[in-house]
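> kindly return the folded structure for what I paste below:
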Amino acid sequence: MTAPRATPVRFAVVWHLAWIPVLGLAALGLSGAGAVLWALASMAAAALVGALAVALQPPGRVVAVLGWGLAGAVAVALGGGPSGPLAAWCLAPMAAAAVFQDRRTLALGAAAGLAAAAISALITALTPPSPPFAPWLGLLALCTTAIGLAAGLLAYQGGAERARRRVESTEAAMAFLAAQPITVATLDAEGRILRAAGRGAEGLTGRALIELVTEADRPALISALAEGGRLRTRASEDPEAWIDITLAATAKGGVHALIRDAGEDHAREAALIAERDAADQANAGKSRFLAGMSHELRTPLNAIMGFSDIMRQRLFGPLADRYAEYAGLIHESGEHLLELINDLLDMSKIEAERYELAREDFDAREAATAVLRLMRGQADRAGVTLRGVLPSAALMVDADRRALKQIALNLLANALRFTPAGGAVTLTLAAVEGELELAVVDTGVGIALADLERLGRPYEQAGDADKRAGGTGLGLSLVRAFAALHGGRFTLQSVEGAGAAARVRLPVLLPAAQDA
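Numbers count the residues shown, from 1 in each chain. From the prediction side, this is the model:
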């Protein structure tokens, strides 16, 4: 509301202040004409009072116009009355009123001008005749009044044109709102609708907004009226219908409300929630199936591995070399299959939120050393240098020993798989910023950016078909899950063709290790 009024207010102030230097120059050209000086002073006072009163909209307009009427009456009376040279200043109130670009103020200005002429005539009749004045004073009064009145009328015409455009734009906005599936309302501080526009606005004016919702939803609406915001509620006239109400406070202590039919949105969201619940149930069922299946597979698999190991070691007598070789292959394949089943079992437990950490106090270096020994043979067969960088002092932690080993084992297996012969893989264990950091850095082929973004999600793999055939895609997702169960985090960085760096931070250090 302030922006449209800024230009008329500035123009009115300039119009009033412009009188003062003109009247001041006229006063300098007079000598020995005391009555006329007082006449000029009264007009200058009216200009100053009017400029100060402009900011008091709308009471300031009345003060300014009446001030010009009083000053005009005094000036014309001191200048010889309605027949004197200053008679044109009787029109000064009308000129001032036109500046404010308001019909009622213009009518007040015309009345003030007539009153000024009548009052000046009465004063002139009751006082002695005035001495003759310089002829140029009449020209001054006529020119200032004519210019002031012309400027005021032009401003009035411009204001009328702006008002017409505002009405047209308002009507266009109202027509646009009427075609939309929304209702826009203005409320008072108590939540009563003062104005409403748009579809469904008929009959809303004068009603309380709280009447539009069911009793069960009214406490939420009362809270939203006090704090603002958006809420979805049921309509009082049709409890099966849903509406969205968006509330925002106004600068004058009221509230703007946007009311929209939310029936379709609510139905769509309900369908999405139902689909999500069904997907969650299906995922939980899948996790339960994998957990049960993994248990069932491990029992016969352990028997296969046990019997094949007996045959491989010839514990019950000699065996042909070819059969011994087959027994070794069976045992090796069984170990690989057992690893895959263990990964599936762990992931299914984690997804079903049934995995429980077996926390204990131990030296993290022991777990890392055991994993390095286990992976040494695989590294030698691949022609990759495997290094371990461990601190000299003990790193006592409170963690799940098996989970920590699994983290290191999965990261090392992943790095060895993607590091060609002649490369190097380094496992580092250290206390960093009060947390245990386990890092595995390799000089392998690296990971493409597209693969890097999805790795760590269950069953996601990178690399070509040969690389993907070596696992289930659960290694990194298990690392991320085990880290999260310990309250830690897992990060993976890589540049394609320049290797990769995987880091796990776990807040599991015991106080003694943190101090060290």
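> pick out the residue closest to the middle of the chain.
Gly229 (13.0 Å; Cα atoms, centre = their mean).
> may I have the beta-bridge partners of that one?
Per DSSP bridges, the residues bridged to Gly229 are Leu247.
> cool, the one 4 residues further on as well?
Here Thr233 shows beta-bridge partners Ile243, assigned using DSSP bridges.
> how near is it to Arg192?
Going from Thr233 to Arg192 by Cβ to Cβ, to the nearest Å gives 18 Å. All C-beta atoms are positioned from the backbone trio N, CA, C, and that covers glycine.
> can you check the pLDDT for the residue nearest to the centre of the chain?
pLDDT, Gly229: 77.
> strands of the stretch 301-450 of the chain, start to end?
Counting by DSSP state E, counting those that start in this stretch, the stretch 301-450 of the chain has strands at residues 359-363, 385-389, 396-400, 424-432, 435-442.
> just put those strands in JSON lines and tack on distance to Trp89.
What follows is the strands of the stretch 301-450 of the chain, written out as JSON lines (distance: least, Cβ to Cβ, whole Å):
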{"stretch": "strand 359-363", "distance to Trp89": "98"}
{"stretch": "strand 385-389", "distance to Trp89": "99"}
{"stretch": "strand 396-400", "distance to Trp89": "96"}
{"stretch": "strand 424-432", "distance to Trp89": "89"}
{"stretch": "strand 435-442", "distance to Trp89": "88"}
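> in TSV, list those along with mean neighbour count, mean pLDDT and distance to Glu296.
Formatted as TSV, the strands of the stretch 301-450 of the chain follow (neighbours: other Cβ atoms under 10 Å; pLDDT from 0 to 100; distance: least, Cβ to Cβ, whole Å):
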stretch	mean neighbour count	mean pLDDT	distance to Glu296
strand 359-363	14	93	29
strand 385-389	16	93	36
strand 396-400	22	92	25
strand 424-432	18	93	35
strand 435-442	21	94	33
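> which of those strands sits closest to Ala224?
strand 435-442 (43.4 Å; Cβ to Cβ).
> what pairs with that closest one, parallel or antiparallel?
Taking DSSP bridges as the criterion, strand 435-442 sits next to strand 424-432 (antiparallel), strand 500-506 (antiparallel) in its sheet.
> mind checking which of those is nearest Ile245?
Nearest to Ile245, of all these, is strand 500-506, at 45.6 Å by Cβ to Cβ.
> from the chain's centre, how far out does the closest one sit?
With Cα atoms, centre = their mean, to the nearest Å as the basis, strand 500-506 stands 33 Å off its chain's centre.
> who touches that strand?
Here strand 500-506 makes contact (Cβ atoms under 8 Å, 6 or more residues apart in numbering) with 397, 399, 404, 407, 411, 414-415, 418, 432, 435-442, 444, 446-447, 476, 479, 483, 486-494.
> average pLDDT across stretch 307-317?
82.
> whoops, stretch 98-111 was the one
In this model, stretch 98-111 has an average pLDDT of 79.
> surely Gly434 and Val508 touch.
No - checked against Cβ atoms under 8 Å, the pair Gly434 and Val508 is beyond contact range at 10.4 Å.
> which one's more surrounded, these two?
Neighbours were counted for Gly434 and for Val508 using other Cβ atoms under 10 Å; Val508 has more, 21 against 11.
> so, low pLDDT: which residues of the stretch 1-150 of the chain?
1-8, 29-33, 57, 126-138 (pLDDT under 70).
> how about the helices in it?
2-28, 34-53, 59-78, 92-99, 103-126, 135-178 (DSSP state H, counting those that start in this stretch).
> okay if I get the ones you listed as a markdown table plus mean neighbour count and distance to Asp321?
Below are the helices of the stretch 1-150 of the chain laid out as a markdown table (neighbours: other Cβ atoms under 10 Å; distance: least, Cβ to Cβ, whole Å):
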| stretch | mean neighbour count | distance to Asp321 |
| --- | --- | --- |
| helix 2-28 | 15 | 97 |
| helix 34-53 | 20 | 116 |
| helix 59-78 | 24 | 114 |
| helix 92-99 | 30 | 116 |
| helix 103-126 | 18 | 117 |
| helix 135-178 | 15 | 91 |
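> now render those helices as JSON lines, adding distance to Arg207.
As requested, those are exported to JSON lines (distance: least, Cβ to Cβ, whole Å):
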{"stretch": "helix 2-28", "distance to Arg207": "30"}
{"stretch": "helix 34-53", "distance to Arg207": "40"}
{"stretch": "helix 59-78", "distance to Arg207": "34"}
{"stretch": "helix 92-99", "distance to Arg207": "41"}
{"stretch": "helix 103-126", "distance to Arg207": "32"}
{"stretch": "helix 135-178", "distance to Arg207": "18"}
